[in-house]
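S.K.: Dropping the sequence and predicted coords here.
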Amino acid sequence: QVQLVESGGGSVQAGGSLRLSCGASGYTRSPYCMAWFRQAPGKEREGVAEIRSDGLTSYVDSVKGRFTISQDNAKKTIYLEMHSLNPEAAGMYFCAASPFSGCRQQQSIAAWGQGTQVTVSS
């Protein structure tokens, strides 16, 4: 059973940056795909970025050029670097793992972290 623990959330002003981390444990074989999801109050959970075990990444259009997902396989950790943050980026950010590609889709997710809160003030 994959276990995921996020960290790095916090409060920033618009235009600021944050780096989220997600440590994974409890598996012998790395998940095929890992992703970051965002959920704002009253909104659906949205897949923001994904990274496959081969390093291929994809992003939702709204964060392209500002967010970067990366992984450190030795540390079993993935990261989300977020720059030029705006209030629309605020919400709870969840780390997720999937045995399938295209893991920005909730239905593909096999394990979730508990989430880390990001607040952006204008």
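M.R.: Good, I have the coordinates.

S.K.: Name the nearest residue to F37, sequence neighbours excluded.
M.R.: F94 (4.5 Å; CB to CB, 6 or more residues apart in numbering). Bear in mind the C-beta positions are built from the backbone N, C-alpha and C, glycine included.

S.K.: where's the one you found relative to S122, distance?
M.R.: According to CB to CB, to the nearest Å, F94 stands 24 Å off from S122.

S.K.: And for G113?
M.R.: G113 is 27 Å from S122, by CB to CB.

S.K.: Could you check which of the two has the larger neighbour count?
M.R.: G113 (21 against 8; other CB atoms under 10 Å).

S.K.: was I right about the more buried one contacting G8?
M.R.: No - G113 is beyond contact range of G8, at 11.6 Å (criterion: CB atoms under 8 Å).

S.K.: which residues touch S70?
M.R.: I51, I78, Y79, E81 (CB atoms under 8 Å, 6 or more residues apart in numbering).

S.K.: Provide the secondary structure category for the third one.
M.R.: Put plainly, it is Y79. Put simply, Y79 is strand when judged by DSSP: H, G, I helix; E, B strand; the rest coil.

S.K.: beta partners for the residue nearest the centre of the chain?
M.R.: For the chain, the residue nearest the mean C-alpha position is W36 (2.0 Å; CA atoms, centre = their mean). For W36, the beta-bridge partners are A49, C95 (DSSP bridges).

S.K.: 27 is where my numbering starts, stick with that
M.R.: Understood, numbering begins at 27; the last thing we discussed is W62.

S.K.: What score does it have for pLDDT?
M.R.: What the model reports for W62 is a pLDDT of 98.

S.K.: before we move on, what about F126?
M.R.: Looking at F126, its pLDDT is 89.

S.K.: Not counting sequence-adjacent ones, nearest residue to it?
M.R.: S134 (4.6 Å).

S.K.: Please report the number of neighbouring residues for the residue nearest to F63.
M.R.: Using other CB under 10 Å: F120 sits among 24 other residues.

S.K.: From A100, how far out is it?
M.R.: Distance from F120 to A100, by CB to CB: 23 Å.

S.K.: which residues touch the closest residue to Q39 other than its chain neighbours?
M.R.: Spatial nearest neighbour of Q39, excluding adjacent residues (CB to CB, 6+ apart): S147 at 5.4 Å. Contact partners of S147, counting by CB under 8 Å, 6+ apart, are S37, V38, Q39, A40, P113.
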